[in-house]
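Trainee: Quick check, what structure comes out for this input:
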Amino acid sequence: MILLFDIGNTNTHLGLADSKRVVKRANVPTAACLDGTARKLVARFVTRARLEGAALCSVVPQAAPFVRQFVQGLWGLPCLELTPRTLRGVGIDYPKPNSIGPDRLANAVAARHRFGAPAVVVDFGTAVTFDVVDRAGNYVGGVIAPGLAAMTDYLHEKTALLPRIKIREVKSPIGKSTEQAMLVGAVHGYRGLVRELIMELKRELKVHRLPVVATGAYAKLIASRLPEITAVDPLLTLEGLRLVWQAHQRS
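Mentor: A predicted model of the protein is given here:
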């Protein structure tokens, strides 16, 4: 089995994968990776699985050394870290490769493997990110917008009367309460944002059909009424990490 870590700003997504797919997943707070408490949580997640390798991608640079250290300490294994230098499965056509979030590279690898090229990933996390793989199979850049929760939390924090809300579906485009009005702006508004950006990307890539895969916390919600999104895969980043680790074993 392969132990996988997708280290995000708030949560670290754990995965256990075999040679074909991710078979188990869980989340731990990223803060636990920094204070040492993740060690026990990860050991409990792995239980008695026999590990042959580990890989990570991280948007929190200070967390990666702690993860590598306890993986080495618990299982005596090195932990492959995904960077532009260790990337396999897609090329990079981007001015400053080291500025690309490693999770975005993992998403691009998994999208190209599953859908070919060109392809686009929309990741609904703390930020909403679009990542583009061109016809040549290269990561060429993307788009970053504020995340749904970040937007609604900001409205609550910066205004006196707007409440903190839980993101969910709202049927009518006309809100009949403050909460409903905020949900329309968030959910319906984000569908409009995603639709328009996909249209722009199709024009830029000069294609009529474009595979678009969504991942992240709100992927299923937003994609439910957005036919421009052709697939939803909550395991996309972990799957990209699995593919990169396997490519290194073959090289």
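
Trainee: mind listing the strands for this protein?
Mentor: For the chain, the strands defined by DSSP state E cover 2-7, 11-17, 22-29, 53-58, 79-81, 91-92, 119-124, 127-133, 138-146, 212-216, 231-232.

Trainee: Next, the buried residues of the lowest-mean-pLDDT helix or strand in the chain.
Mentor: The weakest-scoring helix or strand in the chain, judged by mean pLDDT, DSSP states H and E, is helix 148-158 (a mean of 83). For helix 148-158, burial by neighbour count (16 or more other CB atoms under 10 Å) applies to 148-149, 151-152, 155. For every residue, glycine as well, the C-beta is placed using N, CA and C.

Trainee: Between the residues you listed, which sits nearest Gly76?
Mentor: Nearest to Gly76, judged by CB to CB, of the buried residues of helix 148-158 is Ala149 at 38.8 Å.

Trainee: Could you list which residues are in contact with Ser58?
Mentor: Going by CB atoms under 8 Å, 6 or more residues apart in numbering, Ser58 touches 5, 7, 64, 67, 81, 102.

Trainee: now the last one: how far from Asp6?
Mentor: Distance of Pro102 to Asp6, given as CB to CB, to the nearest Å: 9 Å.

Trainee: List the residues that are in contact with both of these two.
Mentor: By CB under 8 Å, 6+ apart, Pro102 and Asp6 have these common neighbours: Cys57.

Trainee: Domain-wise, how is the protein divided?
Mentor: 2-81, 95-236 (automatic domain parsing).

Trainee: what would these look like in CSV with distance to Ala247?
Mentor: Output for the domains of the chain, formatted as CSV (distance: least, CB to CB, whole Å):
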stretch, distance to Ala247
domain 2-81, 10
domain 95-236, 9
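
Trainee: Can you get me a residue count around Leu87?
Mentor: 21 (other CB atoms under 10 Å).

Trainee: same question, the one 5 residues further on
Mentor: Using other CB under 10 Å as the criterion, Ile92 is surrounded by 15 other residues.

Trainee: start at 9 instead
Mentor: With the count now opening at 9, the last piece we talked about shows up as Ile100.

Trainee: Show the contacting residues for it.
Mentor: By CB under 8 Å, 6+ apart, the contact set of Ile100 is 92, 108, 113, 146-147.

Trainee: cool, Tyr102 as well?
Mentor: Contact analysis of Tyr102 by CB under 8 Å, 6+ apart lists 108, 147-149.

Trainee: Grab the two from those that are most spread out in space.
Mentor: By the measure CB to CB, Ile108 and Val148 form the most distant pair in the contacts of Tyr102, at 10.6 Å.

Trainee: mind giving me CSV with the buried residues of helix 156-166 and columns for distance to Leu249?
Mentor: Below are the buried residues of helix 156-166 laid out as CSV (distance: CB to CB, whole Å):
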residue, distance to Leu249
Leu156, 25
Ala157, 24
Met159, 28
Thr160, 30
Leu163, 34
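
Trainee: Can you tell me which of those is nearest Cys41?
Mentor: Of all the buried residues of helix 156-166, Ala157 has the smallest distance to Cys41: 21.3 Å, by CB to CB.

Trainee: Hmm, Ile175 and that closest one touching each other?
Mentor: Yes. Contact criterion CB atoms under 8 Å: Ala157 and Ile175 qualify, at 6.3 Å.
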